[in-house]
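Q: below is the sequence, then the predicted model.
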Amino acid sequence: MSANLEATVKEICRKYNNERTRLMDIVRDVQAQCGCVSGRAAELIARQVGVHRVEVQSTVSFYAFLSERPKGHVVIRLCNDVIDKMHGVDRVARAFEEELGISFGQTTPDGKISLEWTPCIGMCDQAPAALINDVVVTELHRSRAREIVHELRQHMDPQRLVRRLGDGNNAHPLVQSMVMNNVRLPGPIIFSPVNRGEAIRRALAMTPAEVIRAVKTARLRGRGGAGFPTGMKWEFARGAPGARRYVICNADEGEPGTFKDRVILTERADRVFAGMTIAGYAVGAEEGILYLRAEYAYLRRFLEDVLEKRRQENLLGKAICGHSGFNFDIRIQMGAGAYVCGEETALISSCEGRRGDPKTRPPFPAQKGYLDCPTVVNNVETLCCVTKILEEGPAAFSEHGSAGSTGTKLLSISGDCRSPGIYEVELGIKLSEVLRLAGAEDASAVQVGGASGQMVPPAEFGRTICFDDLATGGAIMVFGPNRDVLEVAEHFMEFFVEESCGYCTPCRVGNVLLKERLARIRAGQGEPGDLEYLEELGQTVKTMSRCGLGQTSANPVLTTLKNFRAAYESRLCQPTNGFRPAFDLRQAVRAAEAVVGRSSAHVGG
Amino acid sequence: MSTTIEFTIDGKNIQARPGQTILEAAQQAGVYIPRLCYMKGLTPFGGCRVCTVLVNGRPQAACTQPVAPGMVVENNSPTLQRYRRNLIDMLFVEGNHFCMFCEKSGNCELQALAYRFGITAPKYPYMFPQRDVDATHPDIFIDRNRCVLCGRCVRASRDVDGKHVFDFVGRGPHKKVAVNAEAGLGASNADVRDKAMEACPVGAILKKRVGYVVPIGQRLYDHKPIGAEIESGR
């Protein structure tokens, strides 16, 4: 067994040229073949790639999909996103537990099946959903959960759980998934028909500087949510000194409630890869990386095939479209379950085979990014827009949207609405109009921008979706009149506690404290001073945190405090008879009572 | 070409060399910016965030932010001081810190910061985490109850000692410092003379058999608050 492990590890490491920077691929492969990355495996990998074992462990222990201890051959990861909660995932969870005879975090005694929770897997429009190894199962209910366990016990083949195939490329032979695209409103940019190769040919007829100018003229801003001008980012990278440059496409769509990149990758992968190639030409890069979140591993073979076809058509590779001197190729880097890797510098750390810790800025990625080379990191949707800008010119693009926010935006709408799914809308659209489109007229609260976004009250539904008002990566989560915004906020805080990388104090500790106080208020033990406490704590986390995660993680608390204050106030208790409601005297003396074997007279019966 | 960069901290003119960080330039000019994960000679980390200042209105860690001509830095404002105090508070409740019987007491940077900021008891609820102690090494022990995850040991071992005895494992609230050996520090190549063993600002990495040898009254921060040596212009 030991010799076996050694041979397996050696072979895997050799496949990646024993390169330290490919550690993510190596540990993923070791995990796939050996069930985990044990201390012994870490030692062997470390020896092969020339690092210390603790460095390998540092990487492995960071990612939720990697494990240092053996797990079942099949791992059921049930999504505990707030939208899944609204759609009854807790009942599904009980069914899995009963049928498997284990709790979450455990493996069946025969070592066959493990059961875990996982944060948003990008299926909010078909919740509740789960990942069973790489296979996605959607629209779960109790009896289906029971059936799944029965079927798995018979064949242990997650793929055979897929009974019907989804629409579009979800039914492609290389995808074979039950996932639905649910494109409710296709728009003129992302979902327009693809003219393969056209954008690249047009770009190659221009100089790189002209390509950047076209993107700047279109006033394209980053679609991940931050809205940084894309052309400017490219210009910085092009102007930065360095022998090699890189283009990275951020397909680590982890923001709870966001699933538009999944649909783009399924239906418009060519447009994404064309955008990367154009970016490569513009900044002078020869290598591109698509960083694909582990939850979307079911798309990998299909995407590899799209890349291969593009190579065959000379849209990738050497002398692209006969343009001597322009070589560009793309590899897919799989993630392993870490929300923070959607942050561009954390994503770069991960691509380098490290923990997904964000990097210190400056230097910015455009100056020193992947392997310390100038690097452009763009969102999936942004790169699609690039392709369209080159296909039809900047003017055709900036005709859409508003002056400060040109083009269209894909929205991922989920929650209490009649038609959850993908909507391609003009930037500048009113939120009320979005809600009407989705059939969510009775919404009583809308979370715009995912967990890190803001909770918008009905009085502000007249606001617009654009970079200067309600900026969003595209997540719109609708909450109806019977939902508790504090429960939602606490849920988001729980998410941030688990997804913080732990590098900086405010995010690592502050989120835990925010969640603790929110839970206390929800339990009816809140005091009037707690609201001020939450505000001060939230502002501390927001101001002092090192990266975008911590700078936005307090938003669920801060925006509900601002916009739904009554929901907090109605739960607060006034101290009575000098007793503070937050202090449960009976609970406090319980352990002591157990020791002395009698109940305290002072606490009362 | 000028070799001096001029900027201001709280209105005071500061002269710095290109390539210096705000923290280094401030220190040279006798301005103390509170810090914890910073240590001279190590790669800046920017993790504790105690040294956060406002640079032209934007929060930045002074230990990692390079100086730039004309930048306006705010250091000693009531809001920043309050937020820094909150961070120090957080570090106390996150771990298990018992100053009264910790042998680092008086020489501890976290304790000294708390005194400087007037903290007598944390306002946040204690988390009382379960953490490991590693006494496997003959000359050194690790008490993770007191670890503040500043990474000074990690950086010192990696960059100065060239050993990589330590690294971080886990993430978020589960993050901790691990040792490069299955059986603990005693099985690693850690040596009591390593720079890493001097790097801990708190009592998480301590040398054995020398605890309490320096009596109260003669310890580093017994008479003057932390930072006083910088402010007195020495």
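A: Happy to help now that I have it.
Q: break chain A into its domains for me.
A: Following automatic domain parsing, chain A resolves into domains at A:2-60, A:74-163, A:184-398, A:408-479, A:485-569.
Q: so for the closest residue to chain A within chain B, what's the pLDDT?
A: Closest residue of chain B to chain A, CB to the nearest CB: residue B:175 (3.4 Å). (Each C-beta comes from the backbone N, C-alpha and C, glycine too.) pLDDT for residue B:175: 98.
Q: again with residue B:96
A: 97.
Q: just say helix, strand or coil for it.
A: At residue B:96 the chain is in coil, as set by DSSP: H, G, I helix; E, B strand; the rest coil.
Q: once you drop chain neighbours, what's closest to it?
A: Leaving aside its sequence neighbours, residue B:96 sits nearest to residue B:145 (CB to CB, 6 or more residues apart in numbering or on different chains; 3.9 Å).
Q: quick one: the one you found is in a helix?
A: Yes: assignment of residue B:145 by three-state DSSP places it within a helix.
Q: please name the residues that touch it.
A: By CB atoms under 8 Å, 6 or more residues apart in numbering or on different chains, the contact list for residue B:145 reads B:95-97, B:129, B:131, B:133, B:204.
Q: just the closest of those residues to residue A:341, please.
A: Using CB to CB, residue B:129 is the member of these that lies nearest residue A:341, at 25.6 Å.
Q: which residues in chain B form strands?
A: For chain B, applying DSSP state E gives strands covering B:5-9, B:12-16, B:52-55, B:58-61, B:72-74, B:133-134, B:140-143, B:166-169, B:176-179, B:205-207.
Q: ok, and what's touching the helix or strand where residue A:558 lies?
A: Per DSSP states H and E, residue A:558 falls inside helix A:555-563. Applying CB under 8 Å, 6+ apart, the external contacts of helix A:555-563 come out as A:445, A:447, A:451-457, A:460, A:485-486, A:488-489, A:492-493, A:514, A:518, A:531, A:534-535, A:538-539, A:542, A:567-568.
Q: residue A:381 - that's part of a helix, no?
A: Yes: assessed with three-state DSSP, residue A:381 lies in a helix.
Q: give me the number of residues near it?
A: By other CB atoms under 10 Å in any protein chain shown, 29 other residues sit near residue A:381.
Q: what does residue B:8 give?
A: Using other CB under 10 Å, residue B:8 has 13 neighbouring residues.
Q: just put the contacts of residue B:145 in TSV and tack on neighbour count.
A: Output for the contacts of residue B:145, formatted as TSV (neighbours: other CB atoms under 10 Å in any protein chain shown):
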residue	neighbour count
B:95	24
B:96	17
B:97	23
B:129	14
B:131	15
B:133	13
B:204	25
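Q: what's the most distant pair in those residues?
A: Spanning the widest gap among the contacts of residue B:145 are B:97 and B:133, at 14.3 Å by CB to CB.
Q: and the pLDDT for residue 156?
A: In the absence of a named chain, chain A is used. 97.
Q: correction: the question concerned chain B.
A: Predicted confidence (pLDDT) at residue B:156: the value is 98.
Q: that one touches residue B:195, doesn't it?
A: Yes: assessed by CB atoms under 8 Å, residue B:156 is found in contact with residue B:195 at 4.4 Å.
Q: find the residue closest to the residue positioned nearest the centre of chain B in space, skipping its chain neighbours.
A: The residue lying closest to the centre of chain B (CA atoms, centre = their mean) is residue B:36, at 2.2 Å. Distances taken as CB to CB, 6+ apart put residue B:48 closest to residue B:36, at 4.1 Å, once the chain neighbours are dropped.
Q: wait, what's in contact with that neighbour?
A: A:504-505, B:35-37, B:87, B:91, B:148, B:150.
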